[in-house]
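Undergrad: below is the structure, and that's it, no one-letter string:
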């Protein structure tokens, strides 16, 4: 049976630009950067969590045909490729302020939600990103 999720994938149109954004803006770490010949296998991870990686994949042959590459590029730039990342933070307000100082534009301002505090943004290619400070789960009481 399945026991973990190791790598999730999002499409990016420029891997160097993506690496710069995810590492220098969001604060993730570069995990793997390997030339496989037919593709560059580039992953990042949340600091301290190297077993869960995000593959920053550039749509290109031979993985997808040229016509599909154009369609994917169009969907990615419109934020409709299905790429969505949901991160957590112990201090969403500080994360929000730090990202604002770095010039990040937000798709949703800092908002109180039923589950905590969160905000939304997009990477340079249109992929959706949410960062949330989750409320503490109540401790169950014995009856």
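TA: Thanks, I have the structure now. Just so you know, these numbers come straight off a predicted model, no measurement behind them.

Undergrad: centre-most residue in this protein?
TA: residue 85 (4.1 Å; Cα atoms, centre = their mean).

Undergrad: next, count neighbours for the nearest residue to it once chain neighbours are set aside.
TA: Here the nearest residue to residue 85 in space, its sequence neighbours aside, is residue 129; by Cβ to Cβ, 6 or more residues apart in numbering that works out to 4.9 Å. (Each C-beta comes from the backbone N, C-alpha and C, glycine too.) For residue 129, the neighbour count with other Cβ atoms under 10 Å is 22.

Undergrad: how far off centre is the one helix or strand residue 129 maps to?
TA: Assigned by DSSP states H and E, residue 129 falls within strand 128-134. Here strand 128-134 is found 10 Å from its chain centre; the criterion is Cα atoms, centre = their mean, to the nearest Å.

Undergrad: list the contacts of that strand.
TA: 26, 79, 83-93, 95-96, 107-108, 113, 115-123 (Cβ atoms under 8 Å, 6 or more residues apart in numbering).

Undergrad: that strand: partners in the sheet, and parallel or antiparallel?
TA: Applying DSSP bridges, strand 128-134 is found paired with strand 84-88 (parallel), strand 116-122 (antiparallel).

Undergrad: ranking the ones you listed by burial, who's on top?
TA: Of all those, strand 116-122 carries the top mean neighbour count, a mean of 19, counting by mean count of other Cβ atoms under 10 Å.

Undergrad: what mean pLDDT does that one have?
TA: Across strand 116-122, the average pLDDT comes to 97.

Undergrad: check which residues of the helix or strand bottoming out on mean pLDDT in the chain are buried.
TA: Every helix and strand in the chain was compared by mean pLDDT, DSSP states H and E; the lowest is helix 66-77, with a mean of 88. For helix 66-77, the buried set under the neighbour-count rule, 16 or more other Cβ atoms under 10 Å, comprises 69, 72, 73, 75, 76.
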